[in-house]
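The sequence and its predicted three-dimensional model are supplied below.
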Amino acid sequence: MSITISLSTLVWLAAWAVLALAVAKLYDLLIAAPKRFQQYWTSQGVTGEPYRFPLGVLPDIQRAADSDRIVEYAFGMARKYGLLQWQIVAGICHIISYDPEVCRAIFTNKAQYYHKASQDQKEIMRPLLHNGLLLSEDAYWKRQRALISPGFHFWYLQEMVPIICKCVSDWVQMVQGKIDASPDGSVELEMNHELATITLDSVATAAFGNGFRADPERADRFIHALKQVLDNMQARTLNLLGFIPVIKNLPLPSLRAIQSGCATIEQIVKDIVADRKAGRSGVVKGGKHAGMELMAQRAAETGEALDEESTRRRDLLDLLLEAQANMPEGEVLTDRAVEEESINFIAAGAETTSNLCVWMLWRTITQPPVSEGQSILEKVRRELVATIPKESVTNPSIDELKELKYLEALTYESLRLHPPAPTIPKYAIEDHDITWRGKTVHIPKGTTVLINANVIHRLEEYWPQPEEFRPERFLSGGGNEQNNNVNDSVAPSPAGSDPTTPQPCASPVSPKTAEEIAAERARKAAQPFAYLGFSAGPRKCVGKNFAMLEIKIIFSMILRQLNFELVPNQYIAANPITRLPRQGIKFRVTKRNWMKDDDQLLPSHDGLMDDAVMMDNVGEGMRQRQQHASVSVLKPLGMI
């Protein structure tokens, strides 16, 4: 006896089977897995907000984000459940750490057990970053990091100073032109957009050279495409569309916008790399720089004048192509990898730096006087006048920039309260144990740990008066603690600490007593992972030196030549993920008569520092500048 099953019946059976699998998957995701997760961590003494079907704490997070209280929400959770807790968002289970001790373990002796993020988290950024430095792991990541790292040593960054100065100077001149054309001698600017323009211009030019800026239409397309991609990736992270199985692959408008923007970016970068390899800049072969010879040959063939200054300065693309030409036998650096690393450098550097800069500018302009009757703006300008002579206002040297200790402290304090990457994800690739509060906690493979820098940077145990914006907390007084390295703006890290944690910078004046300074040093030596401005451990930000240099150049030039006044009656709130101002921050900008106004800042005996001390520092900085070429060209740059 045979049984005949029709085709339509088979289709219905297959459909029911798929539906049953989908229901089982949803049941496990939204009910069974959260229950197992809570039971497992509760058995280890770790608690969290009980799961509420089906969205967990997602509605709470959304309400906190909508009211710009995401930091307060995190603090409330920390007070309620402790510094290590679980969190379940629409069935997505992870551990939240607000504890520097957990950070110490994850970033140091347990670092080998972690990848940067889970595959789901990486997949959201994969269309843009592919397998570049930001997303790669293990041996491939180590190789790429070793190739990129020389680009952030002193000799390279010194070459970048004129490039960044030119980008900032062009922007200042553009703004001054608008001011001159304005009837009231002022212009209203949304500075989040303006600073993003400066930083992207600087980073892209540092990556691709002046050729990037030579084609304004191509540069505009690149900038627009990158913003389109990043905006949609952020949206898909917040609304969870990038995480939900099946739905994340549907051709929704946000996914199509990402794909379209990435295609534009990749084509532009591919064209730039192809142009460069065709001889428009040099590649080192056999350890000798061939750039001058190639460009001289090109100039002879075309009759064009040879710009020796342009051939002398090399960019990141040159560095990558040099590495490609000198790879060890058996290893290959493909053109695709060169393109990916170039995009990673720009994507990582542009938005995070502009994000920090806009909050730093807001704090600088609006913060009331906190010590000695001076505002932050007055202190910064006094330091600029004392350190950078008038003839160097539009082209400060790297040695003058490294002397800007108060501006550096201002940057660190801005990073403390406004970290561009407030959540640092870590994904466990193996089972392991960590010690927490005197007990052993087992971290199973597949666990995602989210480190919350917003809370860690405000723990009163490590940061007295944590909500007070006080750059002086990163300054120390009395004596010169620097060496001759360009890294001298950060005192040597205590034994056993993470060198990415900024130690108090030396400054001729500090409002703290010797006892307070000693206590702060002891506290940071005991717990360096209370500061994660540039992350920490093996995956700490490779571009931190470039970012610090870029920020110093931007602020030294715009604050010296322009006046900023906050436009009243603005709603200023931060995006819950990127921490960018949601609606931007508008300023009324006017020209500053710095040739005259600077003279009013000096001499002064009640300012940032005594005239004699200030001028001695400037003189010493100039003497070091003259000696620098012969003694420190090979020294790697630390936190500038």
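Cool, got the structure.

any low-confidence regions in the stretch 301-450 of the chain?
Residue ranges of the stretch 301-450 of the chain with pLDDT under 70: 301-313, 370-372.

Try it again at 50.
Scanning the stretch 301-450 of the chain for pLDDT under 50 picks out the ranges 306, 308-312.

now the strands for it?
Counting by DSSP state E, counting those that start in this stretch, the stretch 301-450 of the chain has strands at residues 423-428, 432-436, 439-443, 448-452.

for the closest residue to Val358 other than its chain neighbours, what are its contacts?
Excluding its sequence neighbours, the residue lying closest to Val358 (Cβ to Cβ, 6 or more residues apart in numbering) is Asn192, at 4.6 Å. For the C-beta atoms, the positions are set from N, CA and C on the backbone; glycine is no exception. Counting by Cβ atoms under 8 Å, 6 or more residues apart in numbering, Asn192 touches 354, 358, 580-581, 584-585.

Sort out for me which of these are in helices.
Counted as lying in helices by DSSP state H, out of these, are 354, 358.

and which of the contacts of Asn192 is nearest to Val441?
Closest approach between the contacts of Asn192 and Val441, by Cβ to Cβ: Leu580, at 34.4 Å.

Verify the contact between the closest one and Leu356 for me.
No - Leu580 is beyond contact range of Leu356, at 10.1 Å (criterion: Cβ atoms under 8 Å).

give me the low-pLDDT residue ranges for this protein?
For the chain, the stretches with pLDDT under 50 are 281-296, 298, 306, 308-312, 477-511, 605-640.

Residue nearest the middle of it, spatially speaking?
Geometric centre of the chain, nearest residue: Thr352, 4.0 Å, by Cα atoms, centre = their mean.

For it, which non-adjacent residue is closest in space?
Going by Cβ to Cβ, 6+ apart, Thr352 has Pro420 as its nearest residue, at 4.0 Å.

Ala348 is in contact with that neighbour, correct?
No - Pro420 is beyond contact range of Ala348, at 10.2 Å (criterion: Cβ under 8 Å).

ok, the contacts of Asn192 vs Arg470, which is closest?
Closest to Arg470 out of those is Val358 (19.9 Å), distances taken as Cβ to Cβ.

tell me the contacts of the closest one?
By Cβ under 8 Å, 6+ apart, the residues touching Val358 are 191-192, 195, 580-581, 584-585.

Ok, Ser414 next?
356, 359-360, 363.

Looking at those residues, spot the one nearest Ala573.
For the contacts of Ser414, the nearest to Ala573 is Trp359 (11.8 Å; Cβ to Cβ).

Near the closest residue to Arg416 other than its chain neighbours, how many other residues are there?
Spatially, and ignoring its direct neighbours in sequence, Arg416 is nearest to His457 (4.7 Å; Cβ to Cβ, 6+ apart). Neighbours of His457 under the rule other Cβ atoms under 10 Å: 22.

Could you count how many residues lie near the closest residue in space to Leu356 that isn't next to it in sequence?
Of all residues not flanking Leu356 in the chain, Pro420 sits nearest, at 5.4 Å (Cβ to Cβ, 6+ apart). Applying other Cβ under 10 Å, we find 20 residues neighbouring Pro420.

sorry, back to before: Asp220: which of the strands of the stretch 301-450 of the chain is closest?
Closest of the strands of the stretch 301-450 of the chain to Asp220 is strand 423-428, at 31.6 Å (criterion: Cβ to Cβ).

Next, the buried residues of that closest one.
Neighbour-count burial for strand 423-428, counted by 16 or more other Cβ atoms under 10 Å, picks out 424-428.

Please tell me how far the residue nearest to Asn395 when sequence neighbours are not counted sits from Lys552.
Leaving aside its sequence neighbours, Asn395 sits nearest to Cys165 (Cβ to Cβ, 6+ apart; 5.0 Å). Separation of Cys165 from Lys552 (Cβ to Cβ, to the nearest Å): 11 Å.

Which element, helix or strand, includes Asp597?
Asp597 belongs to helix 594-601 when assigned by DSSP states H and E.

what packs against that helix?
When contacts are defined as 3 or more Cβ pairs under 8 Å, 6 or more residues apart in numbering; DSSP states H and E, helix 594-601 sits against helix 376-387, helix 544-561.

and that helix, which residues are buried?
By neighbour count with 16+ other Cβ under 10 Å, helix 594-601 contains the buried residues 594, 598, 601.

Repeat that for stretch 212-224.
Residues of stretch 212-224 classed as buried by neighbour count (16+ other Cβ under 10 Å): 212-213, 218-219, 221-223.

I'd like the residues you listed as JSON lines, with secondary structure and distance to Thr237 appended.
Shown next, in JSON lines, are the buried residues of stretch 212-224 (DSSP: H, G, I helix; E, B strand; the rest coil; distance: Cβ to Cβ, whole Å):
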{"residue": "Phe212", "secondary structure": "helix", "distance to Thr237": "29"}
{"residue": "Arg213", "secondary structure": "helix", "distance to Thr237": "31"}
{"residue": "Arg218", "secondary structure": "helix", "distance to Thr237": "29"}
{"residue": "Ala219", "secondary structure": "helix", "distance to Thr237": "27"}
{"residue": "Arg221", "secondary structure": "helix", "distance to Thr237": "25"}
{"residue": "Phe222", "secondary structure": "helix", "distance to Thr237": "23"}
{"residue": "Ile223", "secondary structure": "helix", "distance to Thr237": "22"}
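
so the residue lying closest to Ala350 once chain neighbours are set aside, which of the three states?
The shortest distance from Ala350 to any non-neighbouring residue, by Cβ to Cβ, 6+ apart, is to Leu200 (4.1 Å). Following DSSP: H, G, I helix; E, B strand; the rest coil, we place Leu200 in the helix state.

Leu200 contacts His224, doesn't it?
No - with contact defined as Cβ under 8 Å, Leu200 does not count as touching His224 (10.6 Å).

which stretches of the stretch 401-550 of the chain form helices?
Secondary structure of the stretch 401-550 of the chain (DSSP state H, counting those that start in this stretch): helices at 405-417, 453-456, 514-526, 544-561.

And for the second one, what's in contact with it?
With contacts defined as Cβ under 8 Å, 6+ apart, helix 453-456 is touched by 70-71, 74-75, 78, 98-100, 103, 419, 421-424, 529-533.

closest one to Leu13 among the helices and strands packed on helix 594-601?
Across these, closest to Leu13 is helix 544-561 (Cβ to Cβ), at 58.4 Å.

Alpha carbons of that closest one, in CSV - could you do that?
Provided in CSV are the C-alpha atoms of helix 544-561 (Å, rounded to 0.1, in the frame of the first residue of the first chain):
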residue,chain,number,x,y,z
LYS,A,544,45.0,58.5,20.5
ASN,A,545,48.2,60.5,19.8
PHE,A,546,46.9,61.7,16.5
ALA,A,547,43.6,62.7,18.2
MET,A,548,45.3,64.6,21.0
LEU,A,549,47.5,66.4,18.5
GLU,A,550,44.5,67.3,16.3
ILE,A,551,42.4,68.6,19.2
LYS,A,552,45.3,70.8,20.4
ILE,A,553,45.7,72.3,16.9
ILE,A,554,42.0,72.9,16.5
PHE,A,555,41.5,74.6,19.8
SER,A,556,44.8,76.6,19.7
MET,A,557,43.7,78.1,16.4
ILE,A,558,40.0,78.7,16.7
LEU,A,559,40.0,80.1,20.3
ARG,A,560,42.9,82.4,19.4
GLN,A,561,41.2,83.8,16.3
